[in-house]
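A.B. asks: this one's structure only:
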Ligand code: NOJ
């Protein structure tokens with residue numbers, strides 16, 4: 001039985017804020033919490049229900065706050081605890097909710113637990129992290145590579161052992177096998193929920209259980225031994241029992257390498273783990289091997305992937321729906337056309353995603369159709385992943401041009417350029433020097449311009465959000481893929497009782513035909529939403545057209 005009051009997140013649309021790049025009020029070039037408060041009415045106007053705030057905790061900012069030094073303190077960069085409490089209060093006053101980022105696979109190496117842990121093998125905090133002896137020949141305990149390049153183990157001179165860091169050297173992995181550590185994490189979670197926070201987005205949460213035998217990875221790939229590990233369900237169930245079940249909150253677990261079958265287990269309410277997860281499968285289709293090895297998107301693969309997630313979770317678990325976040329390039333530049341058809345394709349992509357079952361996530365600037373940035377100089381980039389990758393692949397023989405091309409297409413800084421508020425200098429983001437340059441497209445693409453144009457992408461998102469509120473078929477209906485073999489049209493049907501929606505999206509800059517058998521069906525239907533203002537021949541889709549019919 002679904003219980004709507006407790007499952008409010010099923011009817012919600014989430015908006016992600018990357019604080020560093022959202023809105024700066026003190027002129028230091030870095031976004032801050034007062035800056036978010038200033039823009040809450042903008043978000044209310046958009047119609048979103050929940051804000052997910054990327055980390056604002058005290059941090060050395062090696063990985064923009066995903067390296068936490070103190071879980072219970074706000075970083076001075078962003079403001080104070082008072083500012084955060086005010087933000088929460090103002091979010092609630094406007095009838096919205098606030099979800100925090102929970103980063104507990106690892107901490108910063110400057111976290112006091114790690115500082116203690118490194119002091120000696122006997123230190124009471126030693127076991128909070130994963131320390132191991134090297135191999136007999138002195139090599140690291142396993143051949144695993146870190147996600148950000150280089151080995152995943154760092155040797156520590158003082159105690160003569162290695163510690164594990166799946167991400168940067170300054171992000172040591174926590175040891176979840178240790179019940180004391182788990183309790184500390186649960187206590188910290190309660191600290192935030194007792195303040196009134198409405199849930200957590202959990203960073204790489206399916207990495208917390210490692211295979212205790214620490215096997216060698218194929219070509220250094222340790223992921224089979226730390227993704228969806230042996231005790232993961234046990235840990236999440238314990239977290240649920242100890243913490244989550246006592247609050248009316250939402251949870252979404254970031255889970256690279258999780259299949260729809262895994263997702264069912266994580267999100268089936270009977271298992272009492274999480275509400276939903278972020279899959280990576282649809283985001284991995286335009287590369288081969290690692291994300292920098294680019295390949296063109298095959299739309300049929302994308303369609304079949306969504307079909308799999310939509311159908312396998314229907315009736316059991318719950319999907320999250322996303323095109324963008326702070327780790328992904330801008331969707332309009334990726335699967336759309338950020339030049340001739342920028343507005344058209346941004347709206348089409350929005351339709352395609354927002355008519356599915358699940359909880360949609362909008363990443364800051366997506367509602368403006370913000371595009372990838374192309375900075376000429378490597379020095380203008382800031383992301384640790386991208387900079388490490390450059391060095392590593394350069395050494396493997398990639399040319400500078402190839403590397404820059406990969407960065408233009410896949411670099412995380414594409415998503416992290418400052419929010420474009422208006423035409424003023426630095427897009428109105430800051431009165432100082434922005435920590436990462438503003439995308440030069442800002443004079444045309446900005447919030448002020450969008451709010452003045454009733455046909456803007458902003459108002460299109462507003463409409464899609466509203467539709468989700470009005471039409472239960474969007475939240476509840478089942479999903480059927482149509483025109484399966486068509487290489488450019490993504491078409492699907494949603495059905496709920498005797499109600500039907502047909503969604504047609506043209507992913508190309510050419511006209512595309514609608515399947516014969518569908519034309520008849522849609523002739524009788526009415527247009528629910530469309531990115532094409534002209535009503536015309538229903539048998540043909542214009543370039544990047546997206547349209548929804550109610551039958
Ligand atoms: C996933 C986060 O989204 C990403 O930004 C971060 O670098 C890694 N996890 C490590 O925390």
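C.D. replies: It's in. Fair warning: this is a prediction, and the values are worked out from it, not measured in the lab. Residues are numbered from 1 along each chain as shown.
A.B. asks: residues from the protein in reach of the ligand?
C.D. replies: For the chain, the residues in contact with the ligand (CB under 6 Å from any ligand atom) are 63, 66, 103, 167, 203, 204, 254, 326, 327. C-beta: built from backbone N, CA, C; applies to glycine.
A.B. asks: now secondary structure and neighbour count too, for those, in a markdown table please.
C.D. replies: Output for the residues of the chain next to the ligand, formatted as a markdown table (DSSP: H, G, I helix; E, B strand; the rest coil; neighbours: other CB atoms under 10 Å):
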| residue | secondary structure | neighbour count |
| --- | --- | --- |
| 63 | coil | 21 |
| 66 | coil | 24 |
| 103 | coil | 28 |
| 167 | coil | 24 |
| 203 | coil | 19 |
| 204 | coil | 23 |
| 254 | strand | 23 |
| 326 | coil | 20 |
| 327 | coil | 21 |
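A.B. asks: for the stretch 451-551 of the chain, which residue gets nearest to the ligand?
C.D. replies: Nearest to the ligand, among the residues of the stretch 451-551 of the chain, is residue 461, at 22.4 Å (CB to the nearest ligand atom).
A.B. asks: repeat for the chain
C.D. replies: Here the residue of the chain nearest the ligand is residue 66; by CB to the nearest ligand atom that distance is 3.4 Å.
A.B. asks: so that residue touches residue 55, yeah?
C.D. replies: Yes - with contacts counted by CB atoms under 8 Å, residue 66 reaches residue 55, the gap being 6.0 Å.
A.B. asks: any common contacting residues for those two?
C.D. replies: In terms of CB atoms under 8 Å, 6 or more residues apart in numbering, residue 66 and residue 55 are both contacted by the residues 101, 103.
A.B. asks: now do the SS call for the residue nearest to residue 461 when sequence neighbours are not counted.
C.D. replies: Once flanking residues are discounted, residue 461 sits nearest to residue 367: 4.4 Å by CB to CB, 6 or more residues apart in numbering. Put simply, residue 367 is helix when judged by DSSP: H, G, I helix; E, B strand; the rest coil.
A.B. asks: count of neighbours near residue 367?
C.D. replies: Neighbours of residue 367 under the rule other CB atoms under 10 Å: 26.
A.B. asks: measure it to residue 160 for me?
C.D. replies: Computed as CB to CB, to the nearest Å, the residue 367 to residue 160 distance reads 53 Å.
A.B. asks: quick one, what contacts residue 227?
C.D. replies: Applying CB under 8 Å, 6+ apart, we find residue 227 in contact with 206, 207, 255, 256, 257, 258.
A.B. asks: apply 10 Å and report the result again.
C.D. replies: Contact analysis of residue 227 by CB atoms under 10 Å, 6 or more residues apart in numbering lists 166, 204, 206, 207, 209, 210, 211, 255, 256, 257, 258, 262.
A.B. asks: can you get me a residue count around the nearest residue to the second one once chain neighbours are set aside?
C.D. replies: Taking CB to CB, 6+ apart as the measure, residue 204 lies nearest to residue 105, with 4.9 Å between them; neighbours along the chain are not counted. Close neighbours of residue 105, defined as other CB under 10 Å, add up to 22.
A.B. asks: sorry, back to before: per-residue pLDDT, the residue of the chain closest to the ligand?
C.D. replies: Per-residue pLDDT puts residue 66 at 98.
A.B. asks: hang on, it packs against residue 168?
C.D. replies: Yes - in this structure, residue 66 is within contact of residue 168 by CB atoms under 10 Å, at 8.9 Å.
A.B. asks: what touches both of those two?
C.D. replies: Common neighbours of residue 66 and residue 168 (CB under 10 Å, 6+ apart) are 106, 108, 384.
A.B. asks: run through the bridge partners of the first one.
C.D. replies: Each beta-bridge partner of residue 106 is listed here: residue 173, as defined by DSSP bridges.
A.B. asks: what are the structural domain limits within the chain?
C.D. replies: The chain breaks down by automatic domain parsing into domains covering 4-106+178-379+414-462, 112-164, 476-550.
A.B. asks: show the end-to-end separation of the second one, please.
C.D. replies: If I follow you right, that is domain 112-164. Using CA to CA, to the nearest Å, the end-to-end distance of domain 112-164 comes to 17 Å.
A.B. asks: what does the last one give?
C.D. replies: Terminal residues of domain 476-550 are spaced 15 Å apart (CA to CA).
A.B. asks: show me what contacts residue 505?
C.D. replies: So residue 505 contacts 299, 303, 345, 347-353, 355, 488-492, 512, 531, 541, 544-548 (CB under 10 Å, 6+ apart).
A.B. asks: switch to 7 Å and redo it
C.D. replies: When contacts are counted by CB atoms under 7 Å, 6 or more residues apart in numbering, residue 505 touches 348, 351, 352, 489, 490, 546.
A.B. asks: swap in residue 60?
C.D. replies: Counting by CB under 7 Å, 6+ apart, residue 60 touches 67, 69, 108, 110, 170.
A.B. asks: just confirm it is within a helix.
C.D. replies: No - if the criterion is three-state DSSP, then residue 60 is coil and not within a helix.
A.B. asks: how close does it get to residue 151?
C.D. replies: Applying CB to CB, the value for residue 60 to residue 151 is 21 Å.
A.B. asks: what of residue 525?
C.D. replies: 57 Å.
A.B. asks: for ChimeraX, what selects the buried ones among the contacts of residue 60?
C.D. replies: Selecting the buried subset of the contacts of residue 60 in ChimeraX, with 16 or more other CB atoms under 10 Å as the burial test, is done by:
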select :67,69,108,110,170
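A.B. asks: reformat the contacts of residue 60 as TSV; add secondary structure.
C.D. replies: Shown next, in TSV, are the contacts of residue 60 (three-state DSSP):
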residue	secondary structure
67	coil
69	coil
108	coil
110	coil
170	coil
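A.B. asks: farthest pair in the contacts of residue 60?
C.D. replies: 69 and 170 (10.0 Å; CB to CB).
A.B. asks: and for these two, which residues touch both?
C.D. replies: 60, 108.
A.B. asks: torsion angles phi and psi at the residue nearest the centre of the chain?
C.D. replies: Per CA atoms, centre = their mean, the C-alpha nearest to the average position across the chain is that of residue 325, at 3.9 Å. Main-chain dihedrals, residue 325, degrees, to the nearest 10: phi -160, psi -170.
A.B. asks: now do residue 480
C.D. replies: According to degrees, to the nearest 10, residue 480 has phi -130, psi 130.
A.B. asks: what strand or helix carries the closest residue to it other than its chain neighbours?
C.D. replies: Spatial nearest neighbour of residue 480, excluding adjacent residues (CB to CB, 6+ apart): residue 493 at 4.6 Å. Element membership for residue 493, per DSSP states H and E: strand 489-496.
A.B. asks: ok, back up a step: just among the contacts of residue 505, which is most surrounded?
C.D. replies: Going by other CB under 10 Å, residue 348 tops these with 31 neighbours.
A.B. asks: quick check, pLDDT for it.
C.D. replies: So residue 348 comes in at 98 (pLDDT).
A.B. asks: helix or strand for it, which one?
C.D. replies: Applying DSSP H and E as the criterion places residue 348 in helix 342-354.
A.B. asks: which helices and strands sit right next to that helix?
C.D. replies: helix 331-334, helix 457-470, strand 499-506, strand 546-550 (3 or more CB pairs under 7 Å, 6 or more residues apart in numbering; DSSP states H and E).
A.B. asks: I'd like these written out as TSV, with mean pLDDT and distance to residue 372 added.
C.D. replies: Shown next, in TSV, are the helices and strands packed on helix 342-354 (pLDDT from 0 to 100; distance: least, CB to CB, whole Å):
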stretch	mean pLDDT	distance to residue 372
helix 331-334	98	4
helix 457-470	98	16
strand 499-506	98	21
strand 546-550	98	21
